[in-house]
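Asks: Structure of the sequence below:
(2 chains)
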Protein chains: 2
Amino acid sequence: MDITIAYQRAVQTYHHKYLALYHALRDAILNGSLAGGTRLPSSRDLAVMYGISRGSVAAAYDMLLAEGYVESAVGRGTFVIEQTAMPSAPSPIGQQSPNPTSAKPKTPALSAWGQRIMQLEKERELPSSAFAADSDDAQQSLISFQAGEVVLEGSSQHAWKSAMAAAGKDLQKPSSDSATAPVSGDAWLREAICQHVGRTRGITASPEQVVVCSGSMEVITLLCQLLINEQDHIVLENPCYSGIYRAVTAAGGQIQAAELNQQGIIPQDWDSKLLFVTPGRQFPTGAVLPLARRQQILQWAVSRGAWIIEDDYDSEFRWAGRPIEPLKALDRTECVIYVGSFSKSMFSSLRLGFAILPAALAQALTAAKRLYDPLPPARMEQRALARFMMRGDYARHLRRMTRIYRSRYDVFQREMKQLSGLFHWHQTDCGLHVYAMWKHEPASYHHLMQTALSYGVTWRDAADYQLKPGPPSACFIFAHLTEQQIMEGAKRLRQAWDSIKHQ
Amino acid sequence: MDITIAYQRAVQTYHHKYLALYHALRDAILNGSLAGGTRLPSSRDLAVMYGISRGSVAAAYDMLLAEGYVESAVGRGTFVIEQTAMPSAPSPIGQQSPNPTSAKPKTPALSAWGQRIMQLEKERELPSSAFAADSDDAQQSLISFQAGEVVLEGSSQHAWKSAMAAAGKDLQKPSSDSATAPVSGDAWLREAICQHVGRTRGITASPEQVVVCSGSMEVITLLCQLLINEQDHIVLENPCYSGIYRAVTAAGGQIQAAELNQQGIIPQDWDSKLLFVTPGRQFPTGAVLPLARRQQILQWAVSRGAWIIEDDYDSEFRWAGRPIEPLKALDRTECVIYVGSFSKSMFSSLRLGFAILPAALAQALTAAKRLYDPLPPARMEQRALARFMMRGDYARHLRRMTRIYRSRYDVFQREMKQLSGLFHWHQTDCGLHVYAMWKHEPASYHHLMQTALSYGVTWRDAADYQLKPGPPSACFIFAHLTEQQIMEGAKRLRQAWDSIKHQ
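Replies: Numbering: from 1, shown residues only, chains lettered A, B, ... in the order given. Below you'll find the predicted structure:
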């Protein structure tokens, strides 16, 4: 018997003859040109027909048999199975387009969570698209006071490489089995974190109170899921980091905006079980929260039975004295969850952050994390970071970077003094960015942002961080730029302003 | 004026004098021995008092001022601020215990999601604790047919190292900025995945339909959050992978168990919008779903407007012919979401999985992922994997491992034939494990598991995968063991059974 299949076309697509035959037969079955019940040729006949070996035919038949396209009856031969109609006509071999015209793309019906995520995504896209540089050229030479990539340099880079090499050896030892690696993080790293926060922050913690995640946003998002029910009232500083706003909103929380002044958040008896706060250095304003307010906030948490999530995001780099001690060090009732990160203090692509929290909640966070991945992330980097910290390399690195960032800050401050007519610049003695309030009309601020972009300089519009519309303000992240770049950026900003004044 | 502070003790704890002074003063303020309103000595007096420089005293005072412990009145001196009462008495320096007895650990009030997670955690802990080896010694020599770590060896390891080195160079180029790295995954890797699934699975996809995650469980968990509302009915195969059960349960889904027979899932008109299925090789039974049922399931999805999540978890390793093509390749209406992983096909600590899904849903998955981390995970590994795949190393690696696993399977099968009185062994022509049904009473199965452990062999109780209690069954994962280990494990299992028979 004869059959007609697109074997020659299939041969051009697939390298092996048995594969080509399999595909040609399969497509003929799927598109109906080999109807259900059709008896297929014997393997000997088909081999002759297409000039291939009987073994190849047998292999193709075996595959079709295994997948249920054909069935074999002893002594009678091989038959195409009776099939129910396909949902729609399949495309033949070779006509492979990602969106076949026959298919109507389906609009996903998302869960309530999914819909919140998509709403957040829409909000997120607005600012960046509004202020993108026009061309690739402009992008190339642009001085961006928006976030930049932080990389390791010099002796720190050298020490990190050596720590990575040692970590690689550690993990090759037979005793190191990923099945037993704790989801809460490398044991050495959790120990090193305890020692570090004990020394630099006055926090007393044991390794079982530490959970290592892929960056601080994973910590924050999982904590939101663990602690927030839909419609719960959650207190955020206004302004605050947009990632926290998104995590709370995604979890279904209703946001209550806490007011700030120059000293940071103004304590109140919020009707809430959860407060996010940045006492060490308020994000983005840079305010340092005084002791009395810290105590009031702790008292509030105790009286309400509430949690405080303290994001100590940026206080590794402090020019004067040492990093300010966090709420966590003052907490005697285990109501504070402390969140830290290494992505800014080490380098951007090191996706490691951590939480220090009461042991019961650490277990819950670990369980939440395990849901997303039963194995810990970046095991080698975790071990390398532990070694880097334990050998004192991290402390050395922070000292070195603090000197460098301080010089950059001095340059930035000197340059920006010439622009004190434009912005009220917030003084800071730590961190990687400077916050500034616009002194003129909102319209002129947006005009300047647009004009500055055409002069090749940009910064972050702090409107992204406002929970309600407020006066224009800006974040200038300076730490990733060289002193020359900072000076050039300031010059361009002045030129942009001059050009506006003379219009 | 004189004050009493624990400066000498603080000096032993902190390396720098100004730090010791700062801590001693701060603790005295916090524990009330320096009352609010107390005027502090002048920096000159304090310097003399403790034999330190005036600069050190000034630094300590500055820090206390910045943190709000003291205030300074021009011409009058420095005063301890009036403070509200502390939530509870702080512990003095040196008495640092992780759980001070004064603090009552708080029981976290978890969200509904958090409570589901903790309930799942309790369920998870039961089986493993029930069958742990008694001693470390036993653990050492144990032959475990449970999951083991998969590592790269030989030429694959060599090729991977070279791909990692090349990836490192790629990412050091100035054009590569982590701020612009897409959250959905390295562009090269998504392209390589499209080519791979096109060649080996007959799936037509473009890179914007691919989202790379930290392992397939992240994909599955995020998809559950995106697609499941609380109380939604979700269809799972019974038995199925416990991770899928947990992800659905955590999202609040109500599980509807679909029945299987030797050919896999039995299609029905489920009242549901979401089905999880493993047609290529049913997990854990190994059944291959025939074409007719695949078509029926696709038809069901179309008629119901439902999603199918197809977990193609284990089909890279196939001894006969090529991997069976997935539902995704038959789908013409974009109702199938395809999930794959590299953690088993490459090595365990490579936490990379992916989804192929309609572009609109790919955007939602990317947005969901961005919430947890604004930067992509494991950038270097992603690029290295892209290079490894594009150079043909991945295909070579799969061929090599398939040969090795096939030999191990042959050994396993040969050994287990001697135990056909105990188990009904499911034949398989791909994958890394074998499923087996117990032929006797449930009690004797549990007796054998316990006895086998004392003989130094263990396997996975497939009860972990059952959605409702069913007859005893077992999963033997053989791929991570050498042929010698497999033989030794089988010998111990026979010995354990002999010992039971002779009791």
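
Asks: ok, and does the helix or strand containing A:Val211 reach over to chain B?
Replies: Assignment of secondary structure by DSSP states H and E places A:Val211 within strand A:210-213. No - contact between strand A:210-213 and chain B is absent, the nearest approach being 8.6 Å (criterion: C-beta under 8 Å from any C-beta of the partner chain). Any C-beta I mention is one placed from the backbone N, CA and C, and that applies to glycine too.

Asks: after that strand comes which helix or strand?
Replies: The C-terminal neighbour of strand A:210-213 among helices and strands, as given by DSSP H and E, is helix A:216-227.

Asks: contacts for that following helix?
Replies: Judged by C-beta atoms under 8 Å, 6 or more residues apart in numbering or on different chains, the contacts made with helix A:216-227 from elsewhere in the structure are A:211, A:213, A:243-244, A:247-248, A:250-251, A:253, A:273-274, A:276, A:307, A:309, A:311, A:313, A:337, A:339-341, A:343, A:353-355, A:361, A:364-365, A:368-369, B:108-111, B:113-114, B:117, B:371-374.

Asks: which residue sits closest to the residue in the stretch 1-150 of chain A positioned nearest to chain B in space, ignoring its chain neighbours?
Replies: Taking C-beta to the nearest C-beta as the measure, the point where the stretch 1-150 of chain A comes nearest chain B is A:Gly68, at 2.7 Å. The shortest distance from A:Gly68 to any residue other than its chain neighbours is 2.7 Å, reached at B:Pro290 (C-beta to C-beta, 6 or more residues apart in numbering or on different chains).

Asks: The one you found: what's it in contact with?
Replies: Residues in contact with B:Pro290 (C-beta under 8 Å, 6+ apart) are A:67-68, A:81, B:263-264.

Asks: which among those residues gets closest to A:Met389?
Replies: A:Met389 lies nearest to B:Gly264 out of the contacts of B:Pro290, by C-beta to C-beta, at 50.2 Å.

Asks: How many neighbouring residues does the closest one have?
Replies: Here the count is done by other C-beta atoms under 10 Å in any protein chain shown, and B:Gly264 has 25 residues near it.

Asks: what distance separates the strand holding A:Val211 from the centre of its chain?
Replies: 16 Å (C-alpha atoms, centre = their mean, to the nearest Å).

Asks: quick revisit: which one of the contacts of B:Pro290 has the most neighbours?
Replies: Within the contacts of B:Pro290, neighbour counts (other C-beta under 10 Å) peak at B:Gly264, which reaches 25 neighbours.

Asks: For that one, give me its contacts.
Replies: Taking C-beta under 8 Å, 6+ apart as the contact definition, B:Gly264 lies against B:237, B:278-279, B:282, B:285, B:287-290, B:293.

Asks: What residues are bridge-paired with it?
Replies: Partner residues in beta bridges with B:Gly264, using DSSP bridges, are B:Asn261.

Asks: pLDDT wise, what is it at?
Replies: For B:Gly264, the pLDDT comes out at 94.

Asks: Tell me how far A:Leu375 lies from chain B.
Replies: Applying C-beta to the nearest C-beta, to the nearest Å, one obtains 6 Å for the distance of A:Leu375 from chain B.
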